[in-house]
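Colleague: the following block contains a protein sequence and its predicted model.
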Amino acid sequence: MIYLSQGEHMRKSTVIRQLAAAGMASLALALSTSSIASAETVRAGVWQKDGHDFTIRTSASVSASKIATIKDPDTRVPCGGERCTRNNNGGNYTCWSGGPSDNDWLKVHWAGRTGWVAAMCVEAGRI
């Protein structure tokens, strides 16, 4: 059996307490980072439908100003949460010649701005 002097015992218990505190801090950081990552992965968004470009507008109308036209098929545009906010009473649109038409719009966020996309002209889901 090994006996420690009073000073050695105090140093050993201080080191153990410091290691325990560091471990708990690391665990808390890992858990908070994990929660943030989880929240970010459950996000809705939109992307091209059938390879067709789509336009983000300032309001739910084809006459509203354009914020951007998305031409890259790999671009995902976030809605801002788990679901996209809908406006099913917006202006009427036709997606492309012979394509779908409706008046249903989805709220999105692009380049620091809030905009609207024609719902039938995009695919939507988790991004």
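Modeller: Received it, and whenever you're ready, just let me know what you need. All of these numbers come straight from a predicted model, not from anything done at the bench.

Colleague: for this protein, which residues score under the pLDDT cut-off?
Modeller: 1-41 (pLDDT under 70).

Colleague: residue boundaries of the strands in it?
Modeller: 44-48, 54-57, 66-70, 77-78, 86-87, 93-94, 101-102, 105-110, 113-118, 122-126 (DSSP state E).

Colleague: now do the fourth one: which elements does it pack against?
Modeller: If I follow you right, that is strand 77-78. If you count contacts as 3 or more Cβ pairs under 8 Å, 6 or more residues apart in numbering; DSSP states H and E, strand 77-78 packs onto strand 44-48, strand 105-110. Where you see a C-beta, it was placed from the backbone N, CA and C, and this is true even at glycine.

Colleague: show me what that strand pairs with in its sheet, parallel or antiparallel.
Modeller: strand 44-48 (antiparallel) (DSSP bridges).

Colleague: picking that back up, dump the strands of the chain to TSV, plus mean neighbour count.
Modeller: As requested, the strands of the chain are exported to TSV (neighbours: other Cβ atoms under 10 Å):
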stretch	mean neighbour count
strand 44-48	20
strand 54-57	22
strand 66-70	15
strand 77-78	19
strand 86-87	16
strand 93-94	18
strand 101-102	14
strand 105-110	21
strand 113-118	21
strand 122-126	14
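
Colleague: out of the helices and strands packed on strand 77-78, flag the one nearest Ile127.
Modeller: strand 44-48 (3.5 Å; Cβ to Cβ).

Colleague: between that closest one and strand 105-110, how big is the angle?
Modeller: 90 degrees (axes from the mean of the first three to the mean of the last three Cα atoms, to 10 degrees).

Colleague: what comes into contact with strand 44-48?
Modeller: 54, 70, 73-84, 106, 108, 117, 122-127 (Cβ atoms under 8 Å, 6 or more residues apart in numbering).

Colleague: could the helices and strands packed on strand 77-78 go into CSV alongside distance to Tyr93?
Modeller: Shown next, in CSV, are the helices and strands packed on strand 77-78 (distance: least, Cβ to Cβ, whole Å):
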stretch, distance to Tyr93
strand 44-48, 14
strand 105-110, 8
